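1. coordinates only, no sequence provided:
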Ligand SMILES: NC(=O)c1ccc[n+]([C@@H]2O[C@H](COP(=O)([O-])OP(=O)(O)OC[C@H]3O[C@@H](n4cnc5c(N)ncnc54)[C@H](O)[C@@H]3O)[C@@H](O)[C@H]2O)c1
Ligand SMILES: [Zn+2]
């Protein structure tokens, strides 16, 4: 195995696993699978933009040791639905996929969440391997075991905690990722920078040119830092009863923005970046954090160059209504992750509607 591959262990009692992060390390796939004591049958779930680029390569790596079948879901968030899940169950049954077979999720967060949900439920759970191909999936969704699909009444409402057997993260996949998707991943990266503190934040700020150039060794370094932070948090709180909620920094605002724009024209990661700006505005008004720090985050986010969709101007009253309906709302209070400092965030109820309404003005 390559010397330049980082290995991170996720320790979760009965179901720990390793995350390997490298450049070209997908070539270790078959060797890794052999270490898992799984049967020969592999079901790859992917989506056309990714499978056109990488399916041949991945199946070549699996030949001749493994028996591979492949299913493509339509690209996009709307595939995270019961209809597609049910089609995949039928396809798995028709292909005699059994208890010790393995589902490989080859794609971004949509493929990972959906394939993971299928793996968690088919025959009460079969092996799951993540090969995340988007930056968001590499730093966030492939780690921690949240799998699920959407319901017409809301996103990610149906799901489970189901850990993969292994995650193989190859930064060379990112070479073909579109810029706006890459920026979405940066939303989560900046979130980790804020949660963990100055070293990662500074690394992002001082290396933005290399980040835009998708410098592989820098990416390995940054993704590793993010995965370590998420791993540490998930190890403490696998089922999100406590500190795992910190990972929702910016997300309550983001969900409101995504709903407001009907999940069109504003992608999740872009909404997260805008949401982080709002969360910092609230933190400042509540006297938790000084304005220099708020300005520093504002400047970094502005460098991501995200535009509020031009088709519909922001309506703070409506956004607040949506936030109050969010599943993280308890007793009518909105619980927000706010920042006292870099590396020091808290989850706290916020009751002052006027202040929340005002916080949206930082987006104008
Ligand atoms: N489970 C979790 O903990 C968790 C955390 C965060 C987000 N999510 C979920 O993740 C999803 C978003 O994930 P995403 O941002 O990866 O979106 P996505 O899966 O839709 O991928 C974005 C786009 O990039 C394409 N793509 C992916 N990899 C590519 C590559 N290497 N080259 C070219 N194109 C590529 C995809 O086909 C898609 O068109 C949402 O459904 C969200 O709910 C889950
Ligand atoms: Zn997110």
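-> Happy to help now that I have it. Just so we're clear, the structure is a prediction, and the values are computed from it rather than from any experiment. Ligands and ions are numbered 1, 2, ... in the order given.
2. use CA for all of it now, contacts and neighbours both
-> Fine.
3. flag every residue of this structure that's near ligand 1.
-> For the chain, the contact set with ligand 1 under CA under 6 Å from any ligand atom comprises 47, 49-50, 75-77, 107-111, 113, 133-134, 136-137, 140-141, 146-147, 173-174, 176-177, 181.
4. go again using 5 Å as the cut-off
-> Counting by CA under 5 Å from any ligand atom, the chain comes close to ligand 1 at 49, 76, 108-110, 133-134, 137, 141, 146, 173-174, 176-177.
5. pLDDT and neighbour count added to those, as TSV?
-> Formatted as TSV, those follow (pLDDT from 0 to 100; neighbours: other CA atoms under 10 Å):
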residue	pLDDT	neighbour count
49	98	14
76	94	12
108	98	26
109	97	25
110	97	25
133	98	28
134	98	29
137	98	23
141	97	22
146	96	20
173	98	20
174	98	19
176	98	13
177	98	16
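6. restricted to strands, list those residues.
-> residue 146 (DSSP state E).
7. among the residues of the chain next to ligand 1, which lie within helices?
-> 49, 109, 110 (DSSP state H).
8. my read is that the second one contacts residue 136, right?
-> So the one you mean is residue 109. Yes. If you go by CA atoms under 8 Å, residue 109 and residue 136 touch, sitting 6.9 Å apart.
9. still on that earlier bit, quick check: of the residues of the chain next to ligand 1, which lies closest to residue 122?
-> Each of the residues of the chain next to ligand 1 was scored against residue 122 by CA to CA, and residue 146 proved nearest at 16.0 Å.
10. OK, contacts around that closest one?
-> 113, 159, 160, 161, 162, 163 (CA atoms under 8 Å, 6 or more residues apart in numbering).
11. need those residues in CSV (columns: neighbour count).
-> Listed next are those as CSV, based on neighbours: other CA atoms under 10 Å:
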residue, neighbour count
113, 27
159, 18
160, 18
161, 16
162, 20
163, 26
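12. from those residues, pick the one nearest residue 363.
-> residue 113 (29.8 Å).
13. how many neighbouring residues does residue 169 have?
-> By other CA atoms under 10 Å, the residues close to residue 169 number 30.
14. same question for residue 68.
-> The burial count for residue 68: 18, using other CA under 10 Å.
15. what about the residue with the largest distance to the centre of the chain, which SS state?
-> What lies farthest from the middle of the chain is residue 64; by CA atoms, centre = their mean that is 32.5 Å. The three-state label given to residue 64 by DSSP: H, G, I helix; E, B strand; the rest coil is coil.
16. now do the buried residues in stretch 290-299.
-> Neighbour counts over stretch 290-299 (16 or more other CA atoms under 10 Å) mark 293, 294, 297, 298 as buried.
17. what residues does the longest helix along the chain touch?
-> The longest helix of the chain (DSSP H) is helix 216-236. Helix 216-236 is contacted by residues 6, 8, 10-12, 21-23, 138-140, 143-144, 171-172, 189, 192-193, 196, 200, 210-211, 240, 243-244, 247 when judged by CA under 8 Å, 6+ apart.
18. could you flag which of these are buried?
-> The buried subset of the contacts of helix 216-236 - by 16+ other CA under 10 Å - is 6, 8, 10, 12, 21-23, 138-140, 143-144, 171-172, 189, 192-193, 196, 200, 211, 243-244, 247.
19. go through those residues and flag which are in strands.
-> Taking DSSP E, the ones among the buried ones among the contacts of helix 216-236 that sit in strands are 6, 8, 10, 21, 22.
20. how about these, which pair is most distant?
-> So, these by CA to CA: farthest apart are 10 and 22, at 16.9 Å.
21. low-confidence ranges in this protein?
-> 1-3, 326-331 (pLDDT under 70).
22. show me where it has helices.
-> Under DSSP H, the chain gives helices at 29-34, 48-62, 82-94, 109-121, 135-136, 179-196, 198-206, 208-212, 216-236, 251-260, 268-285, 291-302, 316-325, 353-359.
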